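Trainee: After the sequence you'll find the predicted model.
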Amino acid sequence: MGKDRVTSPKCQGRTVVVLALKDFLFEWKISICLILALAAVLTPLLVLFGLKTGIVTTMTDRLKSDPYTLEVKIVGNGHFKEEDITGLRNRSDVLFAIAKTRTLGATFVAFKRDMSAVSGIELVPTATDDPLLEGAVPPLDDQSVYVSHTLAKKLAVSAGDPLPVMVTRRLDGQQQAVRLTMKVQGVLSEAAYQRDAAFVTLAFLLAVEEYKDGFSVPVFGWEGNGARSNERDYAGIRLYAKGLEDVQVLADELRRQGLEVRTRAKEIETVRSIDRVLSRLFLIIASIGITGYALSLAASLWASVERKRKDLSLMRLLGYSARAIVIFPIIQAALVAFLGAVLSIGLYKIIEYYLNTTLSESLVADELASRLTLETYGYTIILTLGLSLFSAFVGAVRATHIDPAESLREV
């Protein structure tokens, strides 16, 4: 019965695991050397990958945070139907699309508190998901308006203030104008728009264009030569891609339709090129370092099996199977891998803190020079374990060839 317990595969496996752990602790100097050797290879790789991730992520986030990077600007005035804009709006790679009127017709005059006028203010149509609003609720009605930072300073207005405005036109040789008071719903950040502009609903912008064209606008009580009756064409489109990778796709699609467009695709491609170069550099360095360490660990495990050849052969003589003996170098390799990976991550966190603190003056809030995610740490441990177990295969194969009779020959 005792023999069955000793020779059962389950009992043999537990015994070999315990022996491997005890041997690992007994030869603690060698174990520490193997762990430090792994950390010496892995820590620089983590630092390099962290810097690569931090630099590329920071550059990408800066591009994404700038809505103009996502803008696909159509040059000049065109002729777009409502279905053209609806088709763009329904594309999965489009973040925001809205019609524009003629540039010359999209202006009005605003008045300061002392009733001095600021003329030639650009009118920009806006709606839900407009990236320039930076998440703010779009104008609640046709008489609500967002003003740019520069215009707010000129008019000395802020959110909630009334804004007297005037729309002018020349009709039948006479200068005409209509006045109304709008409400400032909000002020855009200085980074969002650098010119004097008022962001209004598309309905208000179309009303201004119709009035300037000489038509009446019954909704606002503006008189003219009858209401517009023909189907409307739009002169342009405000168009923003959903992601950086979508900008070029949209631009190419519009160019195939014969439209001239401008984008910041070169800046996007620059970041992608940096990412590709750094990725290749990391792969080259990582391949060299990992290959060297894998060979070193394999040699160490082989040597360990050779040193314990007599002990392992004695275990074979006592009835332990070759499969059980194989576990011995595998357990020790797993210990080296796990402890080495944990040590490397700890060292990386110290270096990461130093780098981010030292370079903080060159970065804005929430930007990091070096960064790795918890997911990356998990992959690091798993891949290191996999590599070490692969290296342990050399020692394991050697262990299977140990003859039980070797221990008797040395008696």
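Mentor: In hand now; what should we look at? What you are looking at is a predicted structure, and each value in this text was computed from that prediction instead of being measured.
Trainee: which secondary structure element contains residue 110?
Mentor: Assignment of secondary structure by DSSP states H and E places residue 110 within strand 107-111.
Trainee: And the strands in the stretch 1-150 of the chain, which stretches?
Mentor: 73-74, 94-100, 107-111, 117-125, 144-147 (DSSP state E, counting those that start in this stretch).
Trainee: For residue 304, find the nearest of the ones you listed.
Mentor: Taking C-beta to C-beta, strand 94-100 is the member of those nearest to residue 304, at 58.6 Å. All C-beta spots, glycine's among them, are computed from the backbone N, C-alpha and C.
Trainee: show me where pLDDT drops low in the stretch 1-150 of the chain?
Mentor: 1-10 (pLDDT under 70).
Trainee: any chance you could map the helices in it?
Mentor: Taking DSSP state H, counting those that start in this stretch as the criterion, the stretch 1-150 of the chain contains helices spanning 2-7, 9-26, 28-65, 67-70, 82-89, 149-155.
Trainee: Stretch 361-376: which residues count as buried?
Mentor: Neighbour-count burial for stretch 361-376, counted by 16 or more other C-beta atoms under 10 Å, picks out 367, 368, 369, 370, 371, 372.
Trainee: tell me the least confident of the residues you listed?
Mentor: Comparing pLDDT over these, residue 367 scores lowest. The value there is 77.
Trainee: picking up where we left off before, pick the most deeply packed of the strands of the stretch 1-150 of the chain.
Mentor: Stretch with highest mean neighbour count among the strands of the stretch 1-150 of the chain: strand 144-147 (a mean of 25; mean count of other C-beta atoms under 10 Å).
Trainee: how about the residue nearest to residue 12 when sequence neighbours are not counted, what does it touch?
Mentor: Spatial nearest neighbour of residue 12, chain neighbours left out: residue 324 (4.0 Å); criterion: C-beta to C-beta, 6 or more residues apart in numbering. Residue 324 makes contact with 9, 12, 13, 15, 16, 315 under the criterion C-beta atoms under 8 Å, 6 or more residues apart in numbering.
Trainee: does the fifth one really touch residue 327, like I thought?
Mentor: Yes. Using C-beta atoms under 8 Å, residue 16 is in contact with residue 327, at 4.6 Å.
Trainee: Buried members of the contacts of residue 324 into PyMOL, please.
Mentor: The PyMOL selection below is limited to those of those classed as buried (16+ other C-beta under 10 Å):
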select buried, resi 12+15+16+315
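Trainee: want to try a markdown table for the contacts of residue 324, with distance to residue 245 as columns?
Mentor: What follows is those, written out as a markdown table (distance: C-beta to C-beta, whole Å):
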| residue | distance to residue 245 |
| --- | --- |
| 9 | 53 |
| 12 | 55 |
| 13 | 50 |
| 15 | 56 |
| 16 | 52 |
| 315 | 58 |
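Trainee: ok, so of the contacts of residue 324, who is nearest residue 208?
Mentor: Closest to residue 208, out of all of the contacts of residue 324 and judged by C-beta to C-beta, is residue 13, at 82.3 Å.
Trainee: For that closest one, give me its contacts.
Mentor: Contacts here follow C-beta under 8 Å, 6+ apart; on that basis residue 13 touches 324, 327.
Trainee: What distance do you get for residue 46 to residue 341?
Mentor: Residue 46 sits 9 Å away from residue 341, going by C-beta to C-beta, to the nearest Å.
Trainee: what residues do the two have in common as contacts?
Mentor: Counting by C-beta under 8 Å, 6+ apart, the residues touching both residue 46 and residue 341 are residue 380.
Trainee: where does the stretch 151-300 of the chain dip in pLDDT?
Mentor: Residue ranges of the stretch 151-300 of the chain with pLDDT under 70: 229-230.
Trainee: Show me where it has its helices.
Mentor: Using DSSP H, counting those that start in this stretch, the helices of the stretch 151-300 of the chain run over 202-212, 244-256, 265-307.
Trainee: could you check the angle helix 28-65 makes with the second one?
Mentor: The reference is to helix 244-256. Angle of helix 244-256 versus helix 28-65, following axes from the mean of the first three to the mean of the last three C-alpha atoms, to 10 degrees, is 40 degrees.
Trainee: Same question for the first one.
Mentor: Relative orientation of helix 202-212 versus helix 28-65 (the same axes, to 10 degrees): 30 degrees.
Trainee: Can you tell me which of the helices of the stretch 1-150 of the chain is packed in deepest?
Mentor: helix 67-70 (a mean of 20).
Trainee: Need the CA coordinates for it. PDB is fine.
Mentor: Once non-C-alpha atoms are left out, helix 67-70 reads as follows in PDB (Å, rounded to 0.1, in the frame of the first residue of the first chain):
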ATOM      1  CA  PRO A  67     -10.100  68.400 -33.500                       C
ATOM      2  CA  TYR A  68      -8.400  70.100 -36.500                       C
ATOM      3  CA  THR A  69      -6.300  66.900 -36.900                       C
ATOM      4  CA  LEU A  70      -9.600  65.000 -37.600                       C
END
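Trainee: Could you name the helices and strands sitting against it?
Mentor: Packed against helix 67-70 by the contact rule (3 or more C-beta pairs under 8 Å, 6 or more residues apart in numbering; DSSP states H and E) you find strand 236-241, helix 244-256.
Trainee: Which of the ones you listed sits closest to residue 107?
Mentor: Residue 107 lies closest, by C-beta to C-beta, to one member of the helices and strands packed on helix 67-70: strand 236-241, at 14.7 Å.
Trainee: I figured residue 248 hits residue 263, correct?
Mentor: Yes. Checked against C-beta under 8 Å, the pair residue 248 and residue 263 is within contact range at 7.2 Å.
Trainee: ok, so of the contacts of residue 324, who is nearest residue 152?
Mentor: For the contacts of residue 324, the residue nearest residue 152 by C-beta to C-beta is residue 13; the value is 74.5 Å.
Trainee: returning to that earlier point: mind putting the helices of the stretch 151-300 of the chain in JSON lines, distance to residue 130 and mean neighbour count included?
Mentor: Output for those, formatted as JSON lines (distance: least, C-beta to C-beta, whole Å; neighbours: other C-beta atoms under 10 Å):
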{"stretch": "helix 202-212", "distance to residue 130": "11", "mean neighbour count": "22"}
{"stretch": "helix 244-256", "distance to residue 130": "17", "mean neighbour count": "16"}
{"stretch": "helix 265-307", "distance to residue 130": "21", "mean neighbour count": "15"}
